[in-house]
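1. I need the structure of the sequence given here:
(2 chains)
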Amino acid sequence: MVPLDWYLILSAFLFSAGLYAALGRRNAIAVLMGIELMLNAANINLVAFWRFSVDPANDTSGQAFALFVIAVAAAEVAVGLALVISIYRNRRTVNLDELDILKG
Amino acid sequence: MELGFQQLVPLLPALILITGGILILILDTMGGKKGGSGRGFMAITIMFLLVALVGVIMLMVAMVGGAMTPQTAMGLVDVDPFSLFLQVTVILAMLLVALAGGGFLNKRVSAVGEFWSSFLFVTAAMSFAVSANNLLLLFVSIEFLSITSYMLVGFVRDDLRSTEAGLKYFLYGSVASAVMLYGMTLLYGSTSSLSLPVIGKWLAENPQLAGVAIPATIMLMTGLGFKASLAPFFQWTPDTYEGAPTPVTAYLSTASKAVGFAVIARVVIVGLAPAQNVWVPVLGAMSVLTMFSGNLMALRQHNVKRMLAYSSIAQAGYMLLGLVAVVNPATVNMPAVTMNGLNGLLIYLVGYLFTNIGAFSVVTVSENQTGGSDYSHFNNLVKRSPGLATAMLIFLLSLVGIPLTAGFVGKFFVFGATVQHQYYFLAIVAIINVAISAFYYLNLARIMFFASEEENAPSYTAGAGIGAQAIVFLCVLGVFWIGIYPPNVIEWANAASQFLLTVMS
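-> Numbering: from 1, shown residues only, chains lettered A, B, ... in the order given. Here you go, the predicted structure:
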């Protein structure tokens, strides 16, 4: 069986890639993709930890959590895309640098 | 596990809110292409919020009086004095916001049915979030709260500022909650449990492995600190507060923030108590950073909503002191201490609720009358409506923390706890920050009362709504009630905080 470490390394890599995309990209859609990667990294963690936990047959908490995360991620993307579209309709851009009516 | 009606009773307030939300959605579809009327939906929302508020208050009275024992419904939802106290706070805040801002929102929002049902859903999400004692429910309810809030912020679709604020809130928020989720998985991986009490027990039994608490704490604080707008995760706050419809801003700065603090409190006190030498310094540093960045940035603002946003960041820093002061190894018998920090936090939250909802209601009225919320729109407010100007002055004084106002009582308890637990450095920093904050709060007061005549007074287009005026008056009463006669609130806050602290020790 593949040891736990490998799963964790994979998920850490995915998480870092997602965080990099979320913080580094200027396109709202690319940021959304980065967020998805981060959520999926957490899912890999959850399922891997569940599989290697003391009693995977009777305690399904990790798997259940992963399912919930998938559902939440879908809801999040739906709302996120709706916001991106409503911005695009008004301004013809989804570049975050150009969204500067509200200045910090 | 048996799922009987008996177990659902403590959850009734939240279930009532969800029923109301679904009811509005159904009525909206039945209204045909045009949908229902905003006023009708607002009335339904207010009615359901009122029923839920009465419900949680009755549960709280029963709990404090001893007629009901703290229980955990379905092993996930804690119904205890702490969660009930926050539910009362949150539902009260949403009720005040709905009453004060309903008319304002109905005029600007195109899809009223969806708006008001989301409003009820967001309240239900909050009442689950403050009572969740399991990482799974915690994550789901926080996401429920966040996603609905993103929608509400960006709801005015033809207003560029509203959609931009919504998108910014969304992007910051989802990154923060993804990081939080990753932290939760680490905690799950090391303890094999999602339940906060079990995690706490495990950490206490395996002190040699408490090291996992370090990354987990930092990652959890990212997501939760975002909700409570703590430094360094507050960058969304000014933009979102400025762009969002003002009543939505009012609840983001009070109810949503209260939820953030409640969840932080429950996670660190129930789940991570054995790792206190990890999170006490983290929270202390965040608190100092939050106070300074909020206050210093607020000094140079020219928009009232933006100034209140930075002020709410600074206030979050003061509140966080209450959590830092919860533990000190030197204090042996924690629950016996009168100022245990946590009760200071709770009192502060209630006082801040009245103050800030009142202030934002004044902004709502002024925005309705003049079309904007810059400082120039508040020029000589006292000439246009002396009542509103006086109320705003009271709220500003309460935000500074002048005696006889709610802000003073909250600060007294929180700062008192830091002194009592010998965090003198934090207390001094807090006092310095209060002094800084007086500058910008009183600057706005000067503009409202003593602006020079040649500065153009804004044109006056509409009358103040009766709802908003009534809520401003109620909030003034609330500020003085907590400021002058706080025993009731203190008693409930003590019951709530002592419950959680007994769990810890």
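
2. didn't residue B:50 look like it was pressed against residue B:95?
-> Yes. If you go by Cβ atoms under 8 Å, residue B:50 and residue B:95 touch, sitting 6.5 Å apart. To be clear about C-beta, it is placed using only N, CA and C from the backbone, and glycine gets the same treatment.

3. Quick one: the strands in chain B, in order.
-> For chain B, the strands defined by DSSP state E occupy B:71-73, B:77-79.

4. among those strands, which is the most enclosed?
-> Using mean count of other Cβ atoms under 10 Å in any protein chain shown, the stretch among the strands of chain B with the largest mean neighbour count is strand B:77-79, at a mean of 24.

5. what about that strand, distance to the chain center?
-> In terms of Cα atoms, centre = their mean, to the nearest Å, the centre of strand B:77-79 is found 19 Å from the chain centre.

6. Then stretch B:425-433?
-> Distance, centroid of stretch B:425-433 to centroid of chain: 23 Å (Cα atoms, centre = their mean).

7. Chain A versus the closest residue to residue B:102 other than its chain neighbours, what's the distance?
-> Spatial nearest neighbour of residue B:102, chain neighbours left out: residue B:42 (4.2 Å); criterion: Cβ to Cβ, 6 or more residues apart in numbering or on different chains. Residue B:42 sits at a distance of 23 Å from chain A (criterion: Cβ to the nearest Cβ, to the nearest Å).

8. Quick check: residue B:42 touching residue B:116?
-> Yes. Using Cβ under 8 Å, residue B:42 is in contact with residue B:116, at 6.2 Å.

9. These two: which has the busier surroundings?
-> Neighbour totals were compared for residue B:42 and residue B:116, and residue B:116 leads with 31 against 23 (other Cβ atoms under 10 Å in any protein chain shown).

10. still on that earlier bit, I'd like the strands of chain B as a markdown table, with distance to chain A and mean pLDDT appended.
-> Shown next, in a markdown table, are the strands of chain B (distance: least, Cβ to the nearest Cβ, whole Å; pLDDT from 0 to 100):
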| stretch | distance to chain A | mean pLDDT |
| --- | --- | --- |
| strand B:71-73 | 16 | 77 |
| strand B:77-79 | 15 | 87 |
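
11. re the thing from before, check contacts around the residue nearest to residue B:102.
-> By Cβ atoms under 8 Å, 6 or more residues apart in numbering or on different chains, the contact set of residue B:42 is B:98, B:102-103, B:105-106, B:112, B:116.

12. Take the residues you listed and keep only those in helices.
-> Applying DSSP state H to those, the entries found in helices are B:98, B:102-103, B:105-106, B:112, B:116.

13. so what pLDDT did residue B:456 get?
-> What the model reports as pLDDT for residue B:456 is 60.

14. can you check residue B:337 too?
-> Taking residue B:337 on its own, its pLDDT is 56.

15. Check residue B:3 too.
-> For residue B:3, the predicted pLDDT is 63.

16. What parts of chain B come near chain A?
-> B:135-136, B:139-140, B:143, B:147, B:150-151, B:154, B:157-158, B:160-161, B:163-168, B:170-171, B:174-175, B:178-179, B:181-182, B:184-186, B:188-189, B:192-194, B:235, B:238-239, B:242-243 (Cβ under 8 Å from any Cβ of the partner chain).

17. Select the longest helix from the chain.
-> All of this is about chain A. Longest helix in chain A, counting by DSSP H: helix A:61-91.

18. looking at chain B here, not the other one
-> Chain B, longest helix under DSSP H: helix B:160-191.

19. Quick one: distance of it to the chain centre.
-> Counting by Cα atoms, centre = their mean, helix B:160-191 comes out at 18 Å from the chain centroid.

20. for it, packing partners?
-> helix A:4-24, helix A:28-51, helix A:61-91, helix B:135-153, helix B:196-205, helix B:213-227, helix B:236-243 (3 or more Cβ pairs under 8 Å, 6 or more residues apart in numbering or on different chains; DSSP states H and E).

21. mind putting the ones you listed in TSV, distance to residue B:75, mean pLDDT and mean neighbour count included?
-> Below are the helices and strands packed on helix B:160-191 laid out as TSV (distance: least, Cβ to Cβ, whole Å; pLDDT from 0 to 100; neighbours: other Cβ atoms under 10 Å in any protein chain shown):
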stretch	distance to residue B:75	mean pLDDT	mean neighbour count
helix A:4-24	27	94	16
helix A:28-51	18	94	22
helix A:61-91	11	93	18
helix B:135-153	10	95	24
helix B:196-205	10	89	18
helix B:213-227	21	90	23
helix B:236-243	34	93	27
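
22. Of those helices, which is nearest residue B:438?
-> helix B:236-243 (20.2 Å; Cβ to Cβ).

23. what separates residue A:14 from residue B:409, distance-wise?
-> 48 Å (Cβ to Cβ, to the nearest Å).

24. Can you list the buried residues in the lowest-mean-pLDDT helix or strand in chain B?
-> Within chain B, no helix or strand scores below helix B:5-8, which has a mean of 73 by mean pLDDT, DSSP states H and E. Using 16 or more other Cβ atoms under 10 Å in any protein chain shown as the test for burial, helix B:5-8 gives residue B:7.

25. Tell me how far that helix lies from the chain's centre.
-> Distance, centroid of helix B:5-8 to centroid of chain: 29 Å (Cα atoms, centre = their mean).

26. Dump it to CSV, restricted to CA.
-> Extracted as CSV, the C-alpha positions of helix B:5-8 are listed here (Å, rounded to 0.1, in the frame of the first residue of the first chain):
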residue,chain,number,x,y,z
PHE,B,5,-38.5,15.4,18.2
GLN,B,6,-37.2,15.9,21.8
GLN,B,7,-33.7,16.3,20.4
LEU,B,8,-34.8,18.9,17.9
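
27. Identify the residues contacting that helix?
-> B:15, B:73-74.

28. residues contacting residue B:123?
-> Contacts of residue B:123 (Cβ under 8 Å, 6+ apart): B:17, B:49, B:52, B:90-91, B:94, B:255.

29. Can you lay out those as JSON lines showing pLDDT and neighbour count?
-> Listed next are the contacts of residue B:123 as JSON lines, based on pLDDT from 0 to 100; neighbours: other Cβ atoms under 10 Å in any protein chain shown:
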{"residue": "B:17", "pLDDT": "96", "neighbour count": "28"}
{"residue": "B:49", "pLDDT": "96", "neighbour count": "26"}
{"residue": "B:52", "pLDDT": "96", "neighbour count": "28"}
{"residue": "B:90", "pLDDT": "96", "neighbour count": "28"}
{"residue": "B:91", "pLDDT": "96", "neighbour count": "28"}
{"residue": "B:94", "pLDDT": "96", "neighbour count": "27"}
{"residue": "B:255", "pLDDT": "94", "neighbour count": "28"}
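
30. Nearest to chain A among those residues?
-> residue B:17 (18.5 Å; Cβ to the nearest Cβ).

31. Surely residue B:209 is in contact with residue B:186?
-> No. In this structure residue B:209 lies outside contact range of residue B:186 using Cβ under 8 Å: 11.9 Å.
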